[in-house]
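Chemist: Sequence plus the predicted model coming up.
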Amino acid sequence: MGGRARDITAGSDWPELARRLAGRVSVVVGAPSSGKSSLVAYAWRRLVAAGHRVARITGDPGQPAFGVPTCVAAAWGRSRRARALWFVGSPSPGGHLLQTVVGVGRLAACARRAGADTIVVDASGLVAGQVGRVLISHTLFAAGADAAVWVKRGDEKEDLQGLLEALGVEVFVTRSPLPRPRDMEERRAYREKLWAAHFASSAARKLDARRVLDPAWAPLAEAERPDAFSGAVAGLIGADGFCLGLGIVQSASRNDVVIETAVRKTLEPASVRIARCDAAEVIA
Ligand SMILES: Nc1ncnc2c1ncn2[C@@H]1O[C@H](COP(=O)(O)OP(=O)(O)OP(=O)(O)O)[C@@H](O)[C@H]1O
Ligand SMILES: [Mg+2]
């Protein structure tokens, strides 16, 4: 979250830190609620005001700063709206490291092609243990980062500075002046709000089952019981691999699948990916 830029109180070192991120690709890491999204929103505002073409990538499919849960997303220009979405298929990156990391990489490349001179990745709060270290490292590699910012909370077990330095990027360590832990309910309500906005004006669409992959990445047309996926979240994927928008499977057979989605009829998905989760789990 770390929402609207006007609500953010900057740390005393943040103006200089934002300046140092100009023209670079950086990844902002830190434990949950440490202030990563607040710092990214602050840096974005400062750098845009200074005339930079800044892209933000939200690398957390559970609490994305913009876009919709189950996706990672990129925004550029002056708008906070997502300009590109990548379907991860789950709100938790832990079991979806490949999807999350490939998504961040593709979004960074997309932002660069769109003319961004500065890219800031707002990484997920998953920093603990080997999974956290693998995720942080590969997020940096995928984005092509040359800098990392550790937003330190002060009470965390992980010392990320050593890891980041060993990865060979320039490392900045900072703290947010006003970190506020968000509890499960606040996080759930935030996911629900983004979810409802994404599905506003949705309608049923029938799609050819030959373009659909089941949660095990097998073609739905070959599934024993395609109807077993009713209620599941689905990503409608464009020819370039980016997500056109989400859907919810209403019914599925070997021939076709009916999906409730707000993706416009004029946008034809090249592929549809059914996730392992259903909508109730995402907003639970
Ligand atoms: N500098 C700040 N100014 C104002 N509020 C802040 C600041 N830093 C953190 N907060 C508040 O603390 C909460 C957590 O901050 P934020 O969302 O930026 O953390 P995060 O590290 O991105 O968390 P998550 O890991 O859940 O994505 C937010 O509700 C935010 O409003
Ligand atoms: Mg955040």
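Modeler: Arrived safely, thanks for sending. Ligands and ions are numbered 1, 2, ... in the order given.
Chemist: Show the model's pLDDT score for Asn11.
Modeler: In this structure residue 11 is Gly, not Asn. As summarised for this prediction, Gly11 has a pLDDT of 96.
Chemist: That one - that's part of a strand, no?
Modeler: No - when classified by DSSP: H, G, I helix; E, B strand; the rest coil, Gly11 is found to be coil rather than part of a strand.
Chemist: what's stretch 107-116 in contact with?
Modeler: Judged by C-beta atoms under 8 Å, 6 or more residues apart in numbering, the contacts made with stretch 107-116 from elsewhere in the structure are 25, 53-55, 57, 72-74, 76, 83-84, 86, 119, 121, 142-144, 242. The C-beta positions use only the backbone N, C-alpha and C, and glycine is treated the same way.
Chemist: Can you tell me which of those are buried?
Modeler: Under a neighbour-count criterion of 16 or more other C-beta atoms under 10 Å, the subset of the contacts of stretch 107-116 counted as buried comprises 25, 54-55, 57, 72-74, 76, 83-84, 86, 119, 121, 142-143, 242.
Chemist: Can you pick out the ones from these that are in strands?
Modeler: Secondary structure assignment (DSSP state E) places 25, 54-55, 57, 72-74, 76, 84, 86, 119, 121 from those within strands.
Chemist: what number of residues lie near Leu140?
Modeler: Other residues near Leu140 come to 26 when the count uses other C-beta atoms under 10 Å.
Chemist: What sits closest to it if chain neighbours are left out?
Modeler: The shortest distance from Leu140 to any non-neighbouring residue, by C-beta to C-beta, 6 or more residues apart in numbering, is to Val27 (5.2 Å).
Chemist: coming back round to it: grab the two from the ones in strands among the buried ones among the contacts of stretch 107-116 that are most spread out in space.
Modeler: Greatest spacing in these, by C-beta to C-beta: Val54 and Trp86 (19.0 Å).
Chemist: Can you check the pLDDT for the most centrally placed residue in the chain?
Modeler: Nearest residue to the geometric centre of the chain (C-alpha atoms, centre = their mean): Val72, 2.1 Å. According to the per-residue confidence, Val72 scores 98 in pLDDT.
Chemist: Repeat that for Asp155.
Modeler: For Asp155, the model assigns a pLDDT of 86.
Chemist: what's it sitting at in phi/psi?
Modeler: Taking degrees, to the nearest 10, you get phi -110, psi 10 for the backbone angles of Asp155.
Chemist: burial measure for it, as a count.
Modeler: One way to gauge burial is a neighbour count; for Asp155, by other C-beta under 10 Å, it gives 8.
Chemist: Equivalent analysis for Val272, please.
Modeler: Here the neighbour count serves as a burial measure; for Val272 (other C-beta under 10 Å) it reads 25.
Chemist: Also Val258?
Modeler: Residues contacting Val258 under the criterion other C-beta under 10 Å number 17.
Chemist: Quick check: chain neighbours aside, which residue is closest to it?
Modeler: In space, Val258 is closest to Gln250, 4.3 Å off (C-beta to C-beta, 6+ apart).
Chemist: Show me what the one helix or strand the one you found maps to is packed up against.
Modeler: Assigned by DSSP states H and E, Gln250 belongs to strand 243-252. Applying 3 or more C-beta pairs under 8 Å, 6 or more residues apart in numbering; DSSP states H and E, one finds that strand 243-252 contacts strand 84-87, helix 184-199, strand 232-237, strand 256-261, strand 271-278.
Chemist: For that strand, buried residues please.
Modeler: Residues of strand 243-252 classed as buried by neighbour count (16+ other C-beta under 10 Å): 243-249, 252.
Chemist: where does the stretch 51-200 of the chain have low pLDDT?
Modeler: Along the stretch 51-200 of the chain, no part satisfies pLDDT under 70.
Chemist: Flag every residue of it that's near ligand 1.
Modeler: For the stretch 51-200 of the chain, the residues in contact with ligand 1 (C-beta under 6 Å from any ligand atom) are 60, 63, 125, 176-180, 182.
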